[in-house]
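Engineer: any chance you could fold what I've pasted below:
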Amino acid sequence: MKRKVVNPDPSHKKRIQKEEKLQDKELKKVIEDKEELEKEMKYKTKPHKS
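Structural biologist: Numbers count the residues shown, from 1 in each chain. Take a look at the predicted model:
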């Protein structure tokens, strides 16, 4: 059986988790911005009659 290679840097895992959290936050932000933009575009292309 091969020995599993263990990362000597214990903070490495935490750093990866932090990066993933940051990426998730940015991704959510991008998705929200996109949705808002689509709503705005909808109103600009098809303004509802008032």
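
Engineer: could you pull out the helices for this structure?
Structural biologist: Residue ranges of the helices in the chain, as given by DSSP state H, are 11-45.

Engineer: point out where it drops to low pLDDT.
Structural biologist: Within the chain, the stretches falling below the threshold (pLDDT under 70) are 1, 5-8, 46-50.

Engineer: just want the most central residue of it.
Structural biologist: Per Cα atoms, centre = their mean, the C-alpha nearest to the average position across the chain is that of Leu27, at 1.9 Å.

Engineer: any idea how far it is from Lys21?
Structural biologist: Look at Leu27 and Lys21: by Cβ to Cβ, to the nearest Å, they are 11 Å apart. Placement of C-beta: from N, CA and C, glycine included.

Engineer: burial count for Glu32?
Structural biologist: By other Cβ atoms under 10 Å, the residues close to Glu32 number 10.

Engineer: report the contact partners of it.
Structural biologist: By Cβ atoms under 8 Å, 6 or more residues apart in numbering, Glu32 lies in contact with nothing.

Engineer: that one and His12, how far apart?
Structural biologist: In terms of Cβ to Cβ, Glu32 sits 31 Å off from His12.

Engineer: for Glu20, same thing?
Structural biologist: Taken as Cβ to Cβ, the spacing of Glu20 relative to His12 amounts to 13 Å.

Engineer: try Gln23
Structural biologist: The spacing between Gln23 and His12, counted by Cβ to Cβ, is 16 Å.

Engineer: next one: Lys25
Structural biologist: Relative to His12, Lys25 is positioned 21 Å away (criterion: Cβ to Cβ).

Engineer: over to Glu26?
Structural biologist: 21 Å.

Engineer: ok, Thr45 next?
Structural biologist: Remark: distance between Thr45 and His12 (Cβ to Cβ) = 48 Å.
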